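Student: my questions concern the predicted model and sequence given below.
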Amino acid sequence: MSDLQAIKDAVNKGKRKEIAGLVQAALDAGTDPQVIINDYMIEAMKEVGARFEAKKIFVPEMMMAARTMQAGVDVIKPLITGDNKIEKLGTVVLGTVFGDLHDIGKNLVVLLLESSGFEVINIGENVDPQQFVDKARELKADVVGMSSLLTTGDPHIKDTIDAFKASDLAGKVKLVCGGAAVTKKFAVDECGADGYATDAIDAVRVIRQVLEISA
Ligand code: B1M
């Protein structure tokens with residue numbers, strides 16, 4: 001099995017102790033870190049999700065896969081972030097919506113935004129609408145990002161956007177949504193978010209766009 005296939009296999013099977021060595025070997029062989037994340041680790045997580053849905057595995061196995069992926073991303077993180085704080089393009093406050101504990105996708109969005117020159121404050125998971133508003137005010141956010149992985153998160157996205165609209169920050173802070181359970185139609189057209197991003201790379205593009213930062 002190649003190093004890259006072994007990385008996919010390790011995430012799939014939750015082999016947390018093996019992942020760091022495998023990722024380091026792939027990096028040493030010259031593999032692009034983004035390829036390791038996007039083409040192997042995220043692909044493995046999709047397979048894990050499909051097996052969970054088919055009831056072939058259960059929450060503990062899904063948890064082990066998630067921890068394994070996070071351990072792999074931790075090896076890559078220093079390579080991606082670097083020292084990119086000189087050109088600060090804006091402050092982004094990012095959290096996972098109320099009721100949702102998934103954090104891997106959000107953490108990848110944090111990573112890519114930081115590496116693209118943004119100051120990012122990760123306010124965690126299960127964040128209720130008022131917490132989003134309070135943190136945005138306290139940290140003087142230019143953008144608030146909401147991540148949602150569960151379809152049950154839709155009302156919480158709407159409540160969070162409504163809380164901003166009803167607050168003193170209305171129109172002052174741009175609101176961007178993303179995550180597997182969200183659609184552009186729902187977030188932007190129905191709830192009034194300023195932007196919707198499909199993945200971590202797209203999040204950088206969309207946040208630059210809503211802040212009118214030219215290419
Ligand atoms: Co959960 N889970 N989970 N889970 N889990 C899903 C999401 C699910 C699709 C699995 C399935 O059934 N196929 C399903 C949701 C179904 C639905 O709502 N329709 C599900 C379920 C049901 C559940 C529980 C309810 C299970 C249970 O307890 N019975 C439970 C809910 C707990 C809760 O949150 N309250 C639960 C729990 C868990 C674990 C704790 C075991 C673990 C999470 C661990 C963690 O995050 N630390 C877990 C995992 C690992 C998954 C899957 C397998 C993988 C998620 C993941 O990390 N993907 C997932 C199935 C799947 O996604 N195929 C599943 C990799 C990650 C890089 O992708 O998060 O999509 P993703 O992020 C992407 C984009 O979405 C986007 O960019 C990221 C990078 O490209 N993005 C943004 C994300 N946020 C963004 C924000 C942006 C922009 C882009 O701007 C602000």
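Tutor: Received it, and whenever you're ready, just let me know what you need. This structure is a prediction, so every number in the text was calculated from the model and none was measured. Numbers count the residues shown, from 1 in each chain.

Student: and Ile19, how far is that from Lys13?
Tutor: In this view, Ile19 and Lys13 are 10 Å apart by CB to CB, to the nearest Å. Any C-beta I mention is one placed from the backbone N, CA and C, and that applies to glycine too.

Student: hang on, I meant Glu43
Tutor: 14 Å.

Student: repeat for Ile157
Tutor: Using CB to CB, we find Ile157 at a distance of 33 Å from Lys13.

Student: do Met64 as well
Tutor: Per CB to CB, Met64 is found 8 Å from Lys13.

Student: re the thing from before, who has more neighbours, Ile157 and Lys13?
Tutor: Higher neighbour count among Ile157 and Lys13: Ile157, with 26 against 16, using other CB atoms under 10 Å.

Student: contacting residues around that one?
Tutor: Counting by CB atoms under 8 Å, 6 or more residues apart in numbering, Ile157 touches 97, 146, 148, 177, 182, 186-187, 191, 193.

Student: which elements pack onto whichever strand in the chain runs longest?
Tutor: Ordering each strand of the chain by length in residues (DSSP state E) puts strand 119-127 first. The contact analysis (3 or more CB pairs under 8 Å, 6 or more residues apart in numbering; DSSP states H and E) places strand 119-127 against strand 91-97, helix 104-115, helix 129-138.

Student: packing partners for the last one?
Tutor: So the one you mean is helix 129-138. Where contact means 3+ CB pairs under 8 Å, 6+ apart, helix 129-138 is packed against strand 91-97, strand 119-127, strand 143-147, helix 154-165.

Student: highest average neighbour count across the ones you listed?
Tutor: For the helices and strands packed on helix 129-138, ranked by mean neighbour count under the definition mean count of other CB atoms under 10 Å, the leader is strand 143-147 at a mean of 29.

Student: please see if that one touches the ligand.
Tutor: Yes - counting by CB under 6 Å from any ligand atom, the ligand is contacted by strand 143-147 at 145-147.

Student: with stretch 55-65 instead?
Tutor: Yes - interface with the ligand: stretch 55-65 contributes 59, 62-63, 65 (CB under 6 Å from any ligand atom).

Student: what residues does this protein put near the ligand?
Tutor: 42, 45-46, 48-49, 52-53, 59, 62-63, 65-66, 99-106, 108-109, 145-147, 149-151, 176-181, 197, 199-200, 203.

Student: the residues you listed in strands, which ones?
Tutor: Counting by DSSP E, those contribute 145-147, 176-178, 197 to strands.

Student: between the residues you listed, which sits nearest the ligand?
Tutor: Gly178 (2.1 Å; CB to the nearest ligand atom).

Student: secondary structure element for the residue nearest to Glu43 when sequence neighbours are not counted, which one?
Tutor: Distances taken as CB to CB, 6 or more residues apart in numbering put Lys8 closest to Glu43, at 6.3 Å, once the chain neighbours are dropped. Using DSSP states H and E, Lys8 falls within helix 3-13.

Student: was I right about Val92 contacting Val120?
Tutor: Yes - the criterion here is CB atoms under 8 Å, and Val92 meets it with Val120 at 4.9 Å.
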